[in-house]
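*Asks:* Give me the fold of what follows.
(one chain, ligands or ions: 1)
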Amino acid sequence: MNKLEQLYEGKAKKVFKTEEPDYYLVEYKDDATAFNGEKKGSILDKGVVNNKMSALLFQMLEEKGIPTHFEKLISDREQYVKAVKILPLEVIVRNIAAGSLAKRLGLEEGVVMKETVLEFCYKDDALGDPMINDYHIYAMEFATKEQVEAIKVMSLKINELLLAFFLEHGLKLVDFKLEFGLFKGQVILADEISPDTCRLWDAETNKKMDKDRFRRDLGDVEQTYQEVLSRIQG
Ligand code: 5GP
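*Replies:* This is a model prediction of the structure:
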């Protein structure tokens with residue numbers, strides 16, 4: 001499969017066509033943005049870390065029965081994925097209060113939620129990815145009831161699998177964002193799982209080991225991304 005013309009360039013990745021209509025090539029970049037694009041920068045070798053970490057996690061999830069778009073890692077920054085049509089939804093899964101949830105509900109960051117919280121946002125940069133509920137999803141025809149049910153079941157299962165996996169590697173999974181796509185009529189997990197899309201805290205010290213180091217200027221950004229990759233590879 002060769003890399004053909006570029007289909008799309010996002011904030012963190014480029015997507016290319018391949019000779020196979022059912023597969024795309026994704027290239028991970030070092031560009032970093034936060035606060036809906038207001039803060040811009042670059043994290044050296046973030047693209048390498050996120051490509052390898054996503055590949056490793058998506059393979060683990062596939063082995064545990066979650067259908068994903070991941071096909072094959074092909075270089076430090078590139079992977080083949082199934083050519084999905086991304087649903088315009090961000091699914092946020094939260095175990096511990098942080099970020100916008102802590103702010104919205106007036107909770108102290110670090111409060112353990114009594115139950116896992118699932119949120120949906122409409123994926124639209126111009127609108128700032130507003131939070132929506134199931135009724136908005138059906139009224140706007142973003143997804144069908146069956147698709148939303150499948151997404152909820154998969155998201156909770158992915159949370160269970162990732163919580164256990166990260167804890168084995170000395171990390172607490174605070175919250176994360178998932179995206180799903182349609183491939184041959186089936187809803188499958190797409191996009192990435194990385195320190196860009198998860199909040200991960202050191203299990204002993206609660207040190208922030210994710211993009212909050214960039215968002216909040218906490219320093220050691222590059223080293224922390226490398227540390228997360230080496231922990232989960234170890
Ligand atoms: P919050 O709503 O607290 O800002 O984010 C909750 C979780 O979802 C965090 O782990 C955050 O990294 C992830 N997340 C939410 N929105 C986005 C987004 O637009 N892009 C990325 N990469 N992650 C997001």
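
*Asks:* avg pLDDT for the helix or strand hosting Leu56?
*Replies:* For Leu56, the host element (DSSP states H and E) is helix 46-63. For helix 46-63, the mean pLDDT works out to 98.

*Asks:* hey, C-alpha coordinates of that helix in PDB?
*Replies:* The C-alpha atoms that make up helix 46-63 are tabulated as PDB, following Å, rounded to 0.1, in the frame of the first residue of the first chain:
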ATOM      1  CA  LYS A  46       4.900  13.800  20.200                       C
ATOM      2  CA  GLY A  47       3.900  12.300  16.800                       C
ATOM      3  CA  VAL A  48       6.200   9.300  17.400                       C
ATOM      4  CA  VAL A  49       4.900   8.700  20.900                       C
ATOM      5  CA  ASN A  50       1.200   9.100  20.000                       C
ATOM      6  CA  ASN A  51       1.500   6.900  16.900                       C
ATOM      7  CA  LYS A  52       3.300   4.100  18.800                       C
ATOM      8  CA  MET A  53       1.100   4.400  21.900                       C
ATOM      9  CA  SER A  54      -2.200   4.400  19.900                       C
ATOM     10  CA  ALA A  55      -1.000   1.300  17.900                       C
ATOM     11  CA  LEU A  56      -0.200  -0.600  21.100                       C
ATOM     12  CA  LEU A  57      -3.500   0.300  22.800                       C
ATOM     13  CA  PHE A  58      -5.700  -0.300  19.800                       C
ATOM     14  CA  GLN A  59      -4.000  -3.800  19.300                       C
ATOM     15  CA  MET A  60      -4.600  -4.600  23.000                       C
ATOM     16  CA  LEU A  61      -8.300  -3.500  22.700                       C
ATOM     17  CA  GLU A  62      -8.800  -5.500  19.500                       C
ATOM     18  CA  GLU A  63      -7.400  -8.600  21.300                       C
END
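
*Asks:* Right, and the ligand sits closest to which residue of this structure?
*Replies:* Gly99 (2.2 Å; C-beta to the nearest ligand atom). For every residue, glycine as well, the C-beta is placed using N, CA and C.
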